[in-house]
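> need coordinates for the following:
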Amino acid sequence: MSPGINPHSLPAIHLAGLLSEQASRAHGSTPGPFLRALSRVNAIGRDFNCITAGDPNWLTDLGLRRSPEPREYFHAHASALLDERMPRDVLGSLGGVDHCLHALSVRRGGPALSPSFDFGPFVRDAAANDVSVLSQVLHCYVNVLGSWEDAESLVRPLVPVARDLKSGDIPAFVLTCAANVLATSADPACRELYQLASVRWQDPQQRLFTQLRLAAAELKRLLDAGRTEAALDEAARLAAALPHAPDATFCGALVKNLRALARVRAKRLDEAEVLICEAWRELEASPAASLTLEPRVGDRYRVQVLENMALLASMKEDWARAVEVFERAAALAGQHHPESLDEALSLLGFALIRAGQPSRALELLLPAESRVAQHVAPLRLRQIWKLIAVAFDGAGDRVSAGTWLGRLEQSEAGERLTFAGA
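Residues are numbered from 1 along each chain as shown. Down below sits the predicted model:
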């Protein structure tokens with residue numbers, strides 16, 4: 001990292017460093033996952049890429065959606081540390097206010113500090129001298145601090161100088177991350193950044209995945225059917241050109257998966273079903289040992305394709321088929337991609353409720369609730385509480401249903417009170 005670039009001078013990054021110092025003095029009262037999150041911020045510019053390699057990453061997720069999970073988790077634990085151990089006006093004394101500090105101030109009942117911090121000088125300096133630090137800062141603002149607004153404020157000054165970035169995988173990755181941020185807000189400027197990233201990648205696989213993200217942006221956020229098909233055609237060409245045949249088959253299946261979702265959007269469900277089944281057969285024909293892809297990446301896509309297949313069955317009200325496929329997805333996640341298991345079990349539980357099997361749903365949802373309660377996923381936890389309440393009601397146990405519903409309502413009421421005026 002260039003000596004002139006100081007990411008720890010950015011408001012919320014600076015705050016995270018102060019919180020880390022405070023937590024180290026708290027003698028074990030701060031939850032371990034929150035300490036690990038803060039350690040990511042402290043590692044910017046050092047061993048960041050190594051320690052974050054296996055972390056959940058909403059910034060690079062193909063869904064291109066702004067998950068509120070990191071924001072809620074960070075706000076809850078940061079507020080606790082601020083209230084217990086730091087002056088009440090600390091947020092306004094950090095040399096500038098970004099969106100993250102503004103939201104924290106509101107959450108604590110403080111003034112609505114104006115989020116007017118200018119990221120431009122930092123971004124331009126990093127783009128000219130050490131572009132890799134930009135991807136690290138974006139990762140922290142999205143996945144640790146939960147501030148998509150600040151991530152977008154970081155990306156805006158990058159757009160005018162994006163063409164000046166050199167070729168290579170690091171600049172290409174930064175451009176891809178920046179494009180993903182813009183895509184989540186349906187900003188057409190993401191198109192140019194994806195295209196600039198694509199020509200800078202030296203890795204043909206990464207060039208393909210950048211094209212897949214462009215196709216996902218056209219399909220899910222920009223809602224342009226014609227551009228979606230054109231982007232998918234280019235992705236299919238890039239997949240077929242991969243030098244390793246099993247990789248070509250596997251990645252071609254991912255293109256078909258997105259084509260199937262495009263057919264769902266167009267309400268052509270029968271065509272979507274044909275495509276998603278073809279995609280799954282091709283994934284099954286490409287075992288992990290035969291691929292050059294990182295196994296956990298490949299397994300995550302396998303789980304997603306199975307879940308899409310099951311969701312398509314649920315759209316056709318074929319709940320028996322949906323249960324069958326969700327069971328396969330949960331088994332695959334449990335064996336090969338534990339990070340996907342909670343989501344797969346929740347979807348399976350929902351399908352079992354709709355299939356008239358609430359008691360069996362409870363057998364899955366109750367252990368899933370215990371798992372999720374240990375993770376950084378407060379919103380997903382409330383979703384499971386709702387499913388458990390519905391399942392108990394379907395099983396005829398109104399008392400237990402009321403207990404879980406009461407927990408859900410109490411949590412949601414607390415959130416409404418906390419964010420009043422935000």
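> Glu273: neighbour count?
18 (other CB atoms under 10 Å). C-betas here are computed from N, CA, C, even on glycine.
> if I pick it, what's in contact with it?
Contacts for Glu273 (CB atoms under 8 Å, 6 or more residues apart in numbering) come out as Ala260, Leu312.
> can you report phi and psi for it?
phi -60, psi -40 (degrees, to the nearest 10).
> likewise for Ala355?
Phi and psi for Ala355, reported as degrees, to the nearest 10, are phi -80, psi 0.
> what number of residues lie near it?
By other CB under 10 Å, the burial measure for Ala355, its neighbour count, is 18.
> nearest spatial neighbour of it, skipping sequence neighbours?
Spatially, and ignoring its direct neighbours in sequence, Ala355 is nearest to Trp319 (3.9 Å; CB to CB, 6 or more residues apart in numbering).
> that neighbour and Ala310, how far apart?
Per CB to CB, to the nearest Å, Trp319 is found 10 Å from Ala310.
> find residues that contact each of these two.
Counting by CB under 8 Å, 6+ apart, the common neighbours of Trp319 and Ala310 are Ala351.
> who has more neighbours out of these two?
Ala310 (27 against 20).
> relative to Ala260, how far out is that one?
Counting by CB to CB, the gap between Ala310 and Ala260 amounts to 13 Å.
> now the end-to-end length of stretch 177-196.
End-to-end span of stretch 177-196 (CA to CA, to the nearest Å): 12 Å.
> apologies, that question was intended for stretch 180-196.
Stretch 180-196: ends 13 Å apart by CA to CA.
> what's the answer for stretch 62-74, then?
In stretch 62-74, first residue to last residue: 23 Å (CA to CA).
> quick one: it to chain centroid distance?
Here the centre of stretch 62-74 is set off from its chain's centre by 6 Å, with CA atoms, centre = their mean, to the nearest Å.
> in that stretch, what's buried?
Applying a neighbour-count criterion of 16 or more other CB atoms under 10 Å, one finds Leu62, Leu64, Arg66, Ser67, Glu69, Pro70, Arg71, Glu72, Tyr73, Phe74 buried in stretch 62-74.
> stretch 393-405 too?
Neighbour-count burial for stretch 393-405 flags Asp393, Gly394, Ala395, Ser400, Ala401, Trp404, Leu405 (criterion: 16+ other CB under 10 Å).
> tell me the one of the residues you listed nearest Asn129?
Nearest to Asn129 among the buried residues of stretch 393-405 is Trp404, at 53.5 Å by CB to CB.
> I'd assumed Leu387 was in contact with that closest one.
No. Assessed by CB atoms under 8 Å, Trp404 is found out of contact with Leu387, at 9.0 Å.
> related to what we said a few turns ago, ok, the residue nearest to Ala355 - contacts?
Residues near Trp319 by CB under 8 Å, 6+ apart: Ala313, Ala351, Arg354, Ala355, Gly356.
> one more time with 10 Å, if that's ok
The neighbourhood of Trp319, defined by CB atoms under 10 Å, 6 or more residues apart in numbering, consists of Ala310, Ala313, Phe326, Phe350, Ala351, Leu352, Ile353, Arg354, Ala355, Gly356, Gln357.
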